[in-house]
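A.B. asks: test case, fold it:
(one chain, ligands or ions: 2)
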Amino acid sequence: MSQTIVLASNNAGKIKEFNELLSQFNFEVKPQGDFHVADAEETGLTFVENAILKARHACAETGLPALADDSGIEVDFLNGAPGIYSARFAGEHGNNEANNALLLEKLAGVPEEQRTARFHCVLAFMRHKDDPTPIIAHGSWEGRILESAEGVEGFGYDPIFFVPEKGCSSASLPKEVKNQLSHRAKALAELVEAFKARQML
Ligand SMILES: O=P(O)(O)OP(=O)(O)OP(=O)(O)OC[C@H]1O[C@@H](n2cnc3c(O)ncnc32)[C@H](O)[C@@H]1O
Ligand SMILES: [Mg+2]
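C.D. replies: Residues are numbered from 1 along each chain as shown. Ligands and ions are numbered 1, 2, ... in the order given. Got it, this is the predicted structure:
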């Protein structure tokens, strides 16, 4: 399938990772910004609902198939917060520094074994805005919240997310390594299997 797919995201960090992860396929994936698509309203209560809302919005605006990613970090000590609200945890959408600072503050003094957390990524692929069977894929990545930021790679919560199997923050990993281990990489691998099952690849 060598077809244009709209990537229903305005997050530069995600778009970069998708370009790296999808380079092995022969779709042409263009970010929705190329079509001047603004953010969809994320009014869902689950990653799945929000991913569908974003994909449907991009399909409606462009008339093309769309792939959306709704993701975030779930912290056990905070009963799963910030979860679907990860992008706006500290109030202003996409203020990574404020979000990280607030998360560190909420975990101040909490011992290491209680700082467990995981990233989630839900992908939704829709062929058109009325597609009644979106393809949904999910990946997660286990780790814990550090006591201070480390590393300059990645985006979002990466500087404060400790990756046990590598012994460092996800912002300290080379992008190729994050792209092998991450929630997004796992979700994309699942999406590829679903595409194959539907003979779309
Ligand atoms: O909705 P779009 O336009 O895709 O962009 P967004 O930034 O609003 O994206 P989300 O609504 O899915 O919110 C995801 C939040 O989780 C964070 N996040 C998701 N994946 C991440 C990753 O791989 N590393 C670090 N932070 C991540 C990210 O920084 C955001 O704060
Ligand atoms: Mg968003």
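
A.B. asks: ok so Lys30 is a strand residue?
C.D. replies: Yes. Lys30: assigned to a strand according to DSSP: H, G, I helix; E, B strand; the rest coil.

A.B. asks: gap between it and ligand 1?
C.D. replies: 14 Å (Cβ to the nearest ligand atom, to the nearest Å). Every residue, glycine included, has its C-beta placed from N, CA and C.

A.B. asks: repeat that for Ile52.
C.D. replies: Ile52 sits 12 Å away from ligand 1, going by Cβ to the nearest ligand atom.

A.B. asks: repeat that for Gly154.
C.D. replies: Gly154 is 5 Å from ligand 1, by Cβ to the nearest ligand atom.

A.B. asks: I'd guessed that residue sits against Ala171; true?
C.D. replies: Yes. Here Gly154 reaches Ala171: they are 4.7 Å apart, a contact under Cβ atoms under 8 Å.

A.B. asks: pretty sure Ile145 contacts Phe162?
C.D. replies: Yes. Look at Ile145 against Phe162 with Cβ under 8 Å: they come within range, at 7.1 Å.

A.B. asks: more neighbours: those two, which one.
C.D. replies: Neighbour count, other Cβ atoms under 10 Å: between Ile145 and Phe162, Ile145 has more, with 25 against 20.

A.B. asks: show me what contacts the more buried one?
C.D. replies: Val75, Leu103, Leu104, Leu107, Arg115, Ala117, Ile160, Phe161, Phe162 (Cβ atoms under 8 Å, 6 or more residues apart in numbering).

A.B. asks: selecting buried members of the residues you listed in PyMOL, what would you type?
C.D. replies: In PyMOL, a selection of the buried entries from the contacts of Ile145 looks like this (16 or more other Cβ atoms under 10 Å):
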select buried, resi 75+103+107+115+117+160+161+162
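
A.B. asks: and which of the contacts of Ile145 is nearest to ligand 1?
C.D. replies: Phe161 (6.7 Å; Cβ to the nearest ligand atom).

A.B. asks: and the protein, which residues reach ligand 1?
C.D. replies: 9-11, 14, 39, 42, 54, 69-72, 86-87, 94, 96, 119, 154-158, 182, 184 (Cβ under 6 Å from any ligand atom).

A.B. asks: how many residues are close by the closest residue to Glu165 other than its chain neighbours?
C.D. replies: With Cβ to Cβ, 6 or more residues apart in numbering as the criterion, Glu165 has its nearest non-adjacent residue at 7.2 Å, and that residue is Leu181. Leu181 sits with 17 neighbouring residues when counted by other Cβ under 10 Å.
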